[in-house]
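*Asks:* Based on what follows, work out the 3D shape:
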Amino acid sequence: MNRIHKLHGSNHHEIGLEHGSLHVFANDEVFGTFEDRVYEMADNNLRIPSSVYMSYTPDAHIGIGTCIGTTAVWGLKDGFVSPSIVGVDIGCGMRVHTTPLHKRDIQDKGVRRALIRAIEKYVPTNERKNSNYEDIDVMEVVQHGLQGLPERYVPGERWLTHVEQASFAFDPAALEYLPPNIRKNAHGQLGTLGSGNHFCEIQYLEIAEEHKDTAAAWGLFDGQVVVMIHSGSRAWGAMLGREYTQVIRGAMQSWGVTNPDPNVIYAPIGSTEGRTYLNLMNSALNFAVSNRHMIAFGVQEAFREVFGPQMELPVLYDLMHNYALKEFHRNQGMLVHRKGATRALPPKHYMNTPAYMATGHPALIPGSMGTSSYIMVGRDEGIKNFYSICHGAGRLRSRRATKQAVTVDQFEQSLKVGTEDEILVNHRSLAAILDECPQAYKDVDQIIDSVVGAGLADVVAKCRPMAAIKGL
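*Replies:* Now for the predicted structure:
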């Protein structure tokens, strides 16, 4: 495939492909790792008519139909919505809660092991084990998000205000398109992690000197213990993704629309199929934000079990990185798809939640097991990428390739097993989660360097892992 390469300042590449331009934000080291296949996938996505903009963040890697790490934009008047550029785990995202604790308070391995046991008690980590929130009506949750939860599960107003969005409105008539068993399958998964790369991690902060004022405004301090959560819409999003994808694929066939990649599916925003998908997607976004909320509720209960009933874990922020949302850019309404991309708004941007209007909101970027995560804040220059930054380190190897290339001994070394600084894990055998080892992912420090160097966002704090709870 012929490609025309232009450089727009530091870490900003524009790649001219047959069907349009792809912007790539990556430093030289990361940019050199992109293979031909990621450009082929971009060109297939650019075949969707009326594209306004498309980009890759530095963590971009091959996905189904569309690379994870994609931002793609269409105008609302004549644009398209693509489930391929939303992803299967609709609404998957990050959440961070702060604590009054310092690293030294949980340095003792016995304390951290007690926390792991307590968290597993309140947050199911086994795929076959359900949560026990019998008094939560899952249909209230999928229709109203956090507003659909009973009061007893909302510890304070901050749990509703310090989030990217607490509720996503939609036409509930769209729910008729879903199979009847989806409610039963989803109910027991509210407040559960899920498997794969989902996790709950206990970390401590290293505040960036140049942004200590922002950190202080957010209530962060050096050495502070925080909890980072990564999960999504679980069975609800997965099932509607599978079911309604088939509807749109069938519509494309009836319209005579094809793509070289059969996994690239899309519909006009104004079509019945497009409107229905967006309505169903919002139901999954409601489930996802509520799922992370309930995981955090369980984590707070666990901390109280270890440190006493007075322990509070205020939410710092909750955000998503798999969705398509209506936003206003370039003086017009746009549908911005982010698949494995995080919105990072600068101070005073109108889309900031009121709690973070003055400072910009925390952008939560996880690393991999054994490596640091980051809390960032968007910059004004981020407008050139529709305020999208990375969503994590980005996968380097497939799960199968990782198991073939990395040994358990190497994994143990990454986790500093046997030392005082060991990163404790809830699994007795690391072999069971070998495909989630740091060696499976890109170097998160290079990913962050790419974002900072491109002027998209700045680091406010580095989050060093102390214990990790993984689903299986």
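*Asks:* buried stuff in the helix or strand of the chain with the lowest mean pLDDT?
*Replies:* Lowest by mean pLDDT, DSSP states H and E among the helices and strands of the chain is helix 182-187, with a mean of 81. For helix 182-187, burial by neighbour count (16 or more other Cβ atoms under 10 Å) applies to Ile182, Arg183, Asn185, Ala186, His187. Where C-beta positions appear, they are placed from N, C-alpha and C, glycine not excepted.
*Asks:* which other helices and strands contact that helix?
*Replies:* helix 138-144, helix 234-255 (3 or more Cβ pairs under 8 Å, 6 or more residues apart in numbering; DSSP states H and E).
*Asks:* from the buried residues of helix 182-187, which is closest to Asp445?
*Replies:* Using Cβ to Cβ, Ala186 comes nearest to Asp445 of these, at 37.1 Å.
*Asks:* list the contacts for that closest one?
*Replies:* Residues near Ala186 by Cβ atoms under 8 Å, 6 or more residues apart in numbering: Val138, Val142, Arg234, Ala235, Trp236, Met239, Phe287.
*Asks:* Which parts of the stretch 51-200 of the chain are helices?
*Replies:* With DSSP state H, counting those that start in this stretch as the definition, the stretch 51-200 of the chain shows helices at residue ranges 109-122, 138-144, 158-161, 182-187.
*Asks:* buried set for the third one?
*Replies:* If I follow you right, that is helix 158-161. Buried residues in helix 158-161, defined by neighbour count with 16+ other Cβ under 10 Å: Trp159, Leu160.
*Asks:* Could you look up the SS state of Phe34?
*Replies:* Look at Phe34: counting by DSSP: H, G, I helix; E, B strand; the rest coil, its state is coil.
*Asks:* How many neighbouring residues does it have?
*Replies:* Using other Cβ atoms under 10 Å, Phe34 has 19 neighbouring residues.
*Asks:* check contacts around it.
*Replies:* By Cβ under 8 Å, 6+ apart, the residues touching Phe34 are Val24, Ala26, Tyr56, Ala60.
*Asks:* so is the first one in a helix, a strand, or just coil?
*Replies:* So the one you mean is Val24. What three-state DSSP gives for Val24 is strand.
*Asks:* mind checking how far it is from Ile68?
*Replies:* Val24 sits at a distance of 14 Å from Ile68 (criterion: Cβ to Cβ, to the nearest Å).
*Asks:* residue closest to the middle of this protein?
*Replies:* Gly93 (2.9 Å; Cα atoms, centre = their mean).
*Asks:* can you give me the angle the longest strand belonging to the chain makes with helix 109-122?
*Replies:* If you go by DSSP state E, the chain has its longest strand at strand 457-470. If you take axes from the mean of the first three to the mean of the last three Cα atoms, to 10 degrees, strand 457-470 sits at 80 degrees to helix 109-122.
*Asks:* Note down every partner strand of strand 457-470 and its orientation.
*Replies:* strand 199-207 (antiparallel), strand 373-378 (antiparallel), strand 424-425 (parallel) (DSSP bridges).
*Asks:* Columns distance to Thr33, mean pLDDT and mean neighbour count on top of these, output as CSV?
*Replies:* Below are the strands paired with strand 457-470 laid out as CSV (distance: least, Cβ to Cβ, whole Å; pLDDT from 0 to 100; neighbours: other Cβ atoms under 10 Å):
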stretch, distance to Thr33, mean pLDDT, mean neighbour count
strand 199-207, 24, 97, 23
strand 373-378, 20, 98, 26
strand 424-425, 28, 93, 20
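*Asks:* Turn the ones you listed into TSV, columns for distance to Leu115.
*Replies:* Shown next, in TSV, are these (distance: least, Cβ to Cβ, whole Å):
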stretch	distance to Leu115
strand 199-207	6
strand 373-378	18
strand 424-425	9
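*Asks:* Out of these, which gets nearest to Glu164?
*Replies:* Distance to Glu164, taken as Cβ to Cβ, is lowest for strand 373-378 among the strands paired with strand 457-470, at 12.4 Å.
*Asks:* Tell me where the stretch 351-472 of the chain has helices.
*Replies:* Using DSSP H, counting those that start in this stretch, helices in the stretch 351-472 of the chain cover 399-405, 408-414, 444-453.
*Asks:* which one of those is the most hemmed in?
*Replies:* helix 444-453 (a mean of 22; mean count of other Cβ atoms under 10 Å).
*Asks:* which helices and strands does it pack with?
*Replies:* With contacts defined as 3+ Cβ pairs under 8 Å, 6+ apart, the packing partners of helix 444-453 are helix 28-31, strand 51-61, strand 363-365, strand 373-378, strand 457-470.
*Asks:* Give me the distance from the longest one to the chain's centre.
*Replies:* When distances are taken as Cα atoms, centre = their mean, to the nearest Å, strand 457-470 is centred 14 Å away from the chain's centroid.
*Asks:* swap in stretch 152-162?
*Replies:* From the chain centre to the centre of stretch 152-162 is a distance of 21 Å (Cα atoms, centre = their mean).
*Asks:* Let me know the secondary structure of Phe328.
*Replies:* strand.
*Asks:* Is it correct that it is in contact with His349?
*Replies:* No. Using Cβ atoms under 8 Å, Phe328 makes no contact with His349, being 10.9 Å away.
*Asks:* Neighbour count: these two, which is higher?
*Replies:* More crowded of Phe328 and His349, by other Cβ under 10 Å: His349, with 18 against 12.
*Asks:* Now for that one: which residues touch it?
*Replies:* His349 neighbours (Cβ under 8 Å, 6+ apart): Gly360, Gly378, Tyr387.
*Asks:* which one among those gets closest to Ile448?
*Replies:* Gly378 (13.6 Å).
*Asks:* Without its sequence neighbours, what residue ends up closest to the closest one?
*Replies:* Spatial nearest neighbour of Gly378, chain neighbours left out: Ala344 (3.4 Å); criterion: Cβ to Cβ, 6 or more residues apart in numbering.
*Asks:* ok now stretch 34-51, how far from the chain's centre?
*Replies:* 22 Å.
*Asks:* next one: stretch 63-77
*Replies:* For stretch 63-77 - counting by Cα atoms, centre = their mean - the centre lies 15 Å from the chain centre.
*Asks:* For it, give the distance from the opening residue to the closing one.
*Replies:* Start-to-end span of stretch 63-77 (Cα to Cα, to the nearest Å) is 28 Å.
*Asks:* which two in the contacts of Ala186 are spaced the farthest apart?
*Replies:* Greatest spacing in the contacts of Ala186, by Cβ to Cβ: Val138 and Met239 (12.6 Å).
*Asks:* can I get the helices and strands packed on helix 444-453 in a markdown table with distance to Phe307?
*Replies:* Converted to a markdown table, these look like this (distance: least, Cβ to Cβ, whole Å):
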| stretch | distance to Phe307 |
| --- | --- |
| helix 28-31 | 40 |
| strand 51-61 | 35 |
| strand 363-365 | 24 |
| strand 373-378 | 23 |
| strand 457-470 | 15 |
